[in-house]
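Trainee: sequence first, predicted coordinates after that:
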Amino acid sequence: MAIFFIFDANMATQLIHPLNNLQNCSKKKGKENFVFPRKSRTKEPKSLLSKETTREKQRGIRKSMDRLEGPPRLILVADLDCTLVDHDDPENTDLLRFNALWEAHYRHDSLLIYCTGRSFSSYMSLRKKRPLLTPDIAVTSVGSEIVYSGESTVSDVVWTARLDYKWNRDIVVEETLKFPKLEPQPDKSQEEHKVSFFVEREDAVEIMKELPGILEERGVDVKLVYSNGYAFDVLPRGAGKQGALTYLLDKLDIEGNQPSNTLVCGDSGNDSELFNISQVYGVMVSNSHEELLQWHEENAKDNPKIFHASERCGAGIIEAIQRFNLGPSVSPRDVLDSEIFQAESLNLAHEVVQFYLFYERWRCGEVEKSDKYLQNLKSLSSPLGIFVHPSGVEKPIHEWIDDMEHLHGDGKEKKLRIWLDNVSSSHISSDTWLAKFDKHELSEGKVRSCSTKVLLSYKEEKQRLTWMHIHQSWLDESFSDDQEKWVF
Ligand code: GLC
Ligand code: MG
């Protein structure tokens, strides 16, 4: 049986179990294309590419928080590979269920944090392949980098500077090179505060006994993380998922923004660090590695706030939200009886999520082709309402709804999927609201995205929201010649 350790230089070693940052739930990482780790200590961390000033960078967490009116109701901290992202499900079923739940019910007052072993750039490439929502904060490289979302991404320079304490990358590289069994991971996996190798477990155990002492003699204090019998990370002592999340929670606490609840979600040994944080709820998804379950058995068995879900990945996260009663736990995607889609009064986010879900189901032929649905859509929108298509063409919303008739079922073969990201709303006047979000549409393996604004009004007599105006513009390179298949 594989045993995994995290070591620190004091040799006050903490047996914490395996770290699995496998980028596939079941496959071992290939060992080709190895190069030696970068030696330069002056390498600019990859996410410091934004042009913002240092002061702005330091305000990162404020930026992530500014959109909330008070302390977060829920902070959801999710590992990515094999936790939020199910690599065994190319359809992303549970991830899309999670997305709809998050945007409809949590985005407006809660924080989403991804916490991954991947580097920032590797995390960004995963986002190109999977329908991952924009998180408020991304903790990458096993906690050695914290990046805030906003109009541009901002790396936490205070956290980065902290990791410099008793850390010297050149010395780490120099000393680790003396261990021939340590095979450097590809250059892209090396970071300023993370030096990574591949090594067999038995060799790792031996190296872990020696290396911290050698480094300590040279003034370097490290945390060694060994995972899944192949990955060996050398990090500054204060790094790791637990260190990064504790730092973020402390920051919120100091600002008086302590969350009502925090839920950490993981599947493997390095996530066990997250479960060590007091006060948090934790879910080990059903597909968790034996080593994490064993860690739980040995260290946290009596903690009622930690739970082993019966469902995989994203479904296990939703299950935990329900189990711990942390808020709404029914994804709009699970509400299949939306015969006629019903607006939930004054939850704008839910309204737009549900609208697009209906639209997806119509395009995929998952609702019968009946005029009553189109009439219902019309009843939800003003006859005077205009939709400005991202191509610039504008015409009444009702005419666009008429156009939907011939698109019924056309998305089935194309595996059309729609998800909304970053849904926000603001009160414009007594009965008028503006909803803003990015709408992503996957069709035939290609994603097109639009920045979307919807003006809605609430009519007391109708007790529901009416869509007054919709405006879209293409995001990134989403523009294409095939624009007539894009409606709403
Ligand atoms: C991810 C990283 C790799 C690291 C592993 C374990 O797979 O890409 O560099 O060693 O996680 O932390
Ligand atoms: Mg994982």
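Mentor: Yep, that arrived. Ligands and ions are numbered 1, 2, ... in the order given.

Trainee: contacting residues for the residue nearest to I321 when sequence neighbours are not counted?
Mentor: The shortest distance from I321 to any residue that is not its chain neighbour, by C-beta to C-beta, 6 or more residues apart in numbering, is 4.5 Å, and that residue is S329. (C-beta placed from N, C-alpha, C; glycine too.) Residues near S329 by C-beta atoms under 8 Å, 6 or more residues apart in numbering: 101, 318-319, 321-322.

Trainee: and with 6 Å instead?
Mentor: If you count contacts by C-beta atoms under 6 Å, 6 or more residues apart in numbering, S329 has them with 318, 321-322.

Trainee: any chance of a ChimeraX selection covering the buried ones in these?
Mentor: A single ChimeraX command is used to select the members of the contacts of S329 judged buried by 16 or more other C-beta atoms under 10 Å:
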select :318,321
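
Trainee: near ligand 2 too, which of the contacts of S329?
Mentor: With respect to ligand 2, and counting by C-beta under 5 Å from the ion, no part of the contacts of S329 is in contact.

Trainee: keep only the contacts of S329 that also lie close to ligand 1.
Mentor: Filtering the contacts of S329 for neighbours of ligand 1 using C-beta under 6 Å from any ligand atom leaves an empty set.

Trainee: ligand 2: which of the contacts of S329 is nearest?
Mentor: Checking the contacts of S329 against ligand 2 with C-beta to the ion, the nearest one is I318 at 17.4 Å.

Trainee: quick check: the closest one is in a strand.
Mentor: No - note on I318: no strand contains this position according to DSSP: H, G, I helix; E, B strand; the rest coil, which reports helix.

Trainee: list the residues that contact it.
Mentor: So, once contact is read as C-beta under 6 Å, 6+ apart, I318 ends up touching S329.

Trainee: pLDDT at it, what is it?
Mentor: What the model reports as pLDDT for I318 is 98.

Trainee: now swap in R41 and tell me
Mentor: Looking at R41, its pLDDT is 34.

Trainee: repeat that for L15.
Mentor: Reading off the confidence values, L15 has pLDDT 27.

Trainee: what parts of the stretch 51-200 of the chain come near ligand 1?
Mentor: Residues of the stretch 51-200 of the chain lying near ligand 1 by C-beta under 6 Å from any ligand atom: 117-118, 122, 142, 185, 189, 196.

Trainee: any chance of those in JSON lines, plus neighbour count, secondary structure and pLDDT?
Mentor: Supplementary listing: those in JSON lines, determined by neighbours: other C-beta atoms under 10 Å; DSSP: H, G, I helix; E, B strand; the rest coil; pLDDT from 0 to 100:
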{"residue": "G117", "neighbour count": "31", "secondary structure": "coil", "pLDDT": "92"}
{"residue": "R118", "neighbour count": "21", "secondary structure": "coil", "pLDDT": "94"}
{"residue": "S122", "neighbour count": "19", "secondary structure": "helix", "pLDDT": "95"}
{"residue": "V142", "neighbour count": "31", "secondary structure": "coil", "pLDDT": "94"}
{"residue": "Q185", "neighbour count": "23", "secondary structure": "coil", "pLDDT": "95"}
{"residue": "S189", "neighbour count": "25", "secondary structure": "helix", "pLDDT": "93"}
{"residue": "S196", "neighbour count": "24", "secondary structure": "strand", "pLDDT": "95"}
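
Trainee: from W362, how far off is E405?
Mentor: Relative to W362, E405 is positioned 9 Å away (C-beta to C-beta, to the nearest Å).

Trainee: L68 now?
Mentor: Computed with C-beta to C-beta, the distance linking L68 and W362 is 34 Å.

Trainee: looking at these two, which is more packed in?
Mentor: When neighbours are counted by other C-beta atoms under 10 Å, W362 comes out ahead of the other of L68 and W362, with 24 against 17.

Trainee: where's the more buried one, which helix or strand?
Mentor: Counting by DSSP states H and E, the secondary-structure element that holds W362 is helix 348-363.

Trainee: likewise for D410?
Mentor: Remark: D410 resides in no helix or strand, with elements defined by DSSP H and E.

Trainee: wait, what's in contact with the nearest residue to it once chain neighbours are set aside?
Mentor: The spatially closest residue to D410, leaving aside those adjacent along the chain, is R363, at 6.2 Å (C-beta to C-beta, 6+ apart). For R363, the residues meeting the contact criterion (C-beta under 6 Å, 6+ apart) are 407, 411, 416.
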